[in-house]
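>>> sequence-free structure coming up:
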């Protein structure tokens, strides 16, 4: 299958491109390197020394004999170029990772909110509109987030996208109806994924585009079997307050002897998935497109749910590091229950990796090897969700600074 | 009250600005004149000879002694200018009309889809983000559309925004819950209003912004008591295939002896409101802001529902003109039932004007007076909803052309 990977230089995009290439798919990457530019803007770098995309692709070729094509493209700003690319490459499927994907980054300022909205929402619409304009039957696979549903605490398990409800009729009876699971996003970033999903629903209906929206949990880990083949293929590893995901942040903090920064009580329950499962799930989504004319296929791409406090304690126990409970910069419930179904992907044969499966040690090792590249000043999360919250260093750091 | 009217030069914005000014509110208009520019791009003009905004405002001042301030502003592209305007003018409320508002225009091409998305969705986010950045308690009133719900045929009446449903719990019982009425937009334009609404829900929750979203029906008529005071104040009247709304189009067609172009069977049932009620409803929304921290207030801003065929027959009967059933360029149900509640606005004291109330004759008169300005070539609706539909002239025109 020929697959266009939009955002194929990123944290999920790069390992996905390699995984699909290793499976014999013909891969074309498009990227505008916004993620690398944002690192420069934030003054941070990946903990792992990632190579240029040119070098990555060239190394992959020398190791495996497989070609990966590359096009420089800004999906949100260069519609004509995107359309020309689709017409020239004629992909069977497009995987859409070309979005700003950090909630804290999206909340840093009005400029960051605006950038995230425009990049994500206009980019998604461009892709759909361009697919329509080609007239080709292209399957679009999008990486969404579990965060579209919020974490307000639900009674029953979150289904894969659609919720059966009973609606009162004019006569007073209750009629069963399936609705898109109601959204309740917790940041501008999460909001854009909600808007994406509404846009998918419209294009699936009006233009009969085949679309799979994968509502992913929080990714942990960094390497997949393919990125581990050679140092030139290494995947990025973010530990900073904007892009670092919670479990990876804890592992770096532990590696450098920095207290694990738990926001609030750590009572937040979230869904998790290892990066090697991300790429497997995307392969499964590609192999199982919805029928043309079907509604959007939604799948919860999550392996397990865990409480943040529980994760911190698990790592503190392994490594003996401290835990620091800091003010929560986010506007979210202090504690929540979360139960999520992943029937769709399991139905395609997925057997998820969990935290028990020994990959924690692998991530710890990478964090240890590269800890010299860590800038401790970039660890605190400095974006706040509302103007009523005061951004600032965690108390244990502020005290040290006094 | 000081009110900033974004898009205050447009079809709904201008009469709203005058109405609120006549009621003693201090009015500031911001506009980028995109609607006038689109007229130029499409090669059409308002049936009524609208004046420049400068002349409009100056005439209003000479007639009433009331000042209206004006700022040239592109809400979607000039965030900093928008923020500076809010800080300088310190409005109590912002009324948001600054959107591309024609469904056929939004479907003309990928470029039109992209423009509509970016203008509407990014513009709305800018307004909310700027309100947050000012820190002021500003009530945002937005003109949405009934079309966010689609016209798939509903059993019970459409409520004002929120639908009580019963959701199965883990234990198997049903739990009552209110959800945002599920969206089902019928064009990219309608989609943008859905995305706006999701954005409102988020900002009402995260930043406690007071927001009223008015889901308006199809507007008919052109004049309000204020725009009728002097020819310099006249409101725009669109009759073209992109911006003309169905009833106004029929009235112009009748005035020039052109058959009434009914799309498909005319079995579409839609919601309608007269422009003089639009301005009254917005005043009522302003006078009744939600509490800070409340969810978004949603009100169906509609006076009555009518079937398109029924409207055509009503006008044909009054004037003796013909009806031409033409291919429907839209992707929509041929026939639908529609029942809509307007409890919120009625609860604020609104007593709607309906088609029976004699205003049809007033619109007919305006159409007759200005019929010399009508370009018949601009009447057919040429935008199609899918590539499978072939755009083209209605059969009765194509035959005449042969």
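Arrived safely, thanks for sending. Just so it is clear, the model here is predicted, and its values are computed rather than measured.

>>> where's the residue lying closest to residue A:216 once chain neighbours are set aside relative to chain B, distance?
Residue nearest to residue A:216 in three dimensions, not counting chain neighbours: residue A:301, with 4.2 Å by Cβ to Cβ, 6 or more residues apart in numbering or on different chains. C-beta here means a position set from N, CA and C on the backbone, and glycine is covered the same way. Per Cβ to the nearest Cβ, to the nearest Å, residue A:301 is found 22 Å from chain B.

>>> What is the burial count for residue A:301?
As a burial measure, residue A:301 scores 31 neighbours (other Cβ atoms under 10 Å in any protein chain shown).

>>> Now do the same for it: its pLDDT.
At residue A:301, the predicted lDDT confidence score is 98.

>>> Assess the claim that it and residue A:213 are in contact.
No: counting by Cβ atoms under 8 Å, residue A:301 stays clear of residue A:213, with 9.7 Å between them.

>>> Now residue A:207. Nearest residue, chain neighbours left out?
residue A:132 (4.8 Å).

>>> Near that neighbour, how many other residues are there?
Around residue A:132 sit 19 other residues, with neighbours defined as other Cβ under 10 Å.

>>> Give the next helix or strand downstream of the helix or strand hosting it.
In this assignment (DSSP states H and E), residue A:132 forms part of helix A:123-134. Tracing the chain past helix A:123-134, the next element assigned as helix or strand by DSSP H and E is strand A:139-145.

>>> Also compute the angle for that next one relative to helix A:123-134, please.
Here strand A:139-145 runs at an angle of 170 degrees relative to helix A:123-134 (axes from the mean of the first three to the mean of the last three Cα atoms, to 10 degrees).

>>> Run me through the strand neighbours of strand A:139-145, direction for each.
Its sheet considered, strand A:139-145 pairs with strand A:93-96 (parallel), strand A:211-216 (parallel) by DSSP bridges.

>>> ok, now which ones touch the residue nearest to residue A:216?
A:143, A:214, A:215, A:216, A:217, A:273, A:277, A:278, A:281, A:342, A:345 (Cβ atoms under 8 Å, 6 or more residues apart in numbering or on different chains).

>>> Looking at these, which one is closest to residue A:381?
Set against residue A:381, the nearest of the contacts of residue A:301 by Cβ to Cβ is residue A:217 (19.0 Å).

>>> could you measure the closest one against chain B, distance?
With Cβ to the nearest Cβ as the criterion, residue A:217 and chain B are 20 Å apart.

>>> so the residue nearest to that residue when sequence neighbours are not counted, which of the three states?
Counting by Cβ to Cβ, 6+ apart, the nearest residue to residue A:217 once its immediate chain neighbours are dropped is residue A:271, at 3.2 Å. Secondary structure state of residue A:271, per DSSP: H, G, I helix; E, B strand; the rest coil, is strand.

>>> Over to residue A:300?
Once three-state DSSP is applied, residue A:300 turns out strand.

>>> Relative to residue A:102, how far out is it?
21 Å (Cβ to Cβ, to the nearest Å).

>>> of these two, who's got more company?
Between residue A:300 and residue A:102, counted using other Cβ under 10 Å, the more crowded position is residue A:300 (27 against 23).

>>> and the more buried one, what does it touch?
Applying Cβ under 8 Å, 6+ apart, we find residue A:300 in contact with A:146, A:158-161, A:215, A:217, A:271, A:340-342, A:344-345.

>>> For chain B, state which of those residues is nearest.
Proximity of these to chain B (Cβ to the nearest Cβ) peaks at residue A:159, which lies at 10.2 Å.

>>> Please tell me I have it right and that closest one contacts residue A:181.
Yes: contact status for residue A:159 versus residue A:181: in contact at 6.6 Å, counting by Cβ under 8 Å.

>>> Would you confirm that residue A:262 belongs to a strand?
Yes: assessed with three-state DSSP, residue A:262 lies in a strand.

>>> and residue A:311, that's in a strand?
No: using three-state DSSP, the secondary structure at residue A:311 is helix, not a strand.

>>> Near it, how many other residues are there?
21.

>>> how about the nearest residue to it, chain neighbours excluded?
Using Cβ to Cβ, 6+ apart and skipping residues adjacent in sequence, the residue nearest residue A:311 is residue A:247, 5.7 Å away.

>>> same question for the helix or strand where the one you found lies, mean pLDDT?
Here residue A:247 is covered by helix A:246-256, with elements defined by DSSP H and E. For helix A:246-256, the mean pLDDT works out to 93.

>>> next one: stretch A:200-213
In the prediction, stretch A:200-213 has an average pLDDT of 98.

>>> so how far is that stretch from its chain's centroid?
21 Å (Cα atoms, centre = their mean, to the nearest Å).

>>> Look at that stretch and report the distance between its end residues.
8 Å (Cα to Cα, to the nearest Å).

>>> Repeat that for stretch A:364-378.
End-to-end span of stretch A:364-378 (Cα to Cα): 19 Å.

>>> Stretch A:168-188 now?
33 Å.

>>> can I assume residue A:11 sits in a strand?
No: counting by three-state DSSP, residue A:11 falls outside a strand, being coil.

>>> Quick one, grab the pLDDT at it.
On the pLDDT scale, residue A:11 gets 98.

>>> nearest residue to it other than its sequence neighbours?
Distances taken as Cβ to Cβ, 6+ apart put residue A:236 closest to residue A:11, at 5.1 Å, once the chain neighbours are dropped.

>>> pretty sure the one you found is touching residue A:222, no?
Yes: when contacts are counted by Cβ under 8 Å, residue A:236 is listed as touching residue A:222 (7.3 Å).

>>> which outside residues touch stretch A:31-45?
Contacts for stretch A:31-45 (Cβ under 8 Å, 6+ apart): A:6-11, A:13, A:46, A:53, A:70, A:72-75, A:98, A:100, A:105, A:119, A:236, A:238, A:240, A:242-243, A:373, A:375, A:378.

>>> list the residues that contact both of residue A:236 and residue A:222?
residue A:48.

>>> from the contacts of residue A:300, which would you call buried?
Among the contacts of residue A:300, those scoring as buried are A:146, A:158, A:159, A:160, A:161, A:215, A:217, A:271, A:340, A:342, A:344, A:345 (criterion: 16 or more other Cβ atoms under 10 Å in any protein chain shown).

>>> Of residue A:236 and residue A:222, which one has the most company?
Taking neighbours as other Cβ under 10 Å, residue A:236 and residue A:222 compare with residue A:222 leading, 28 against 22.
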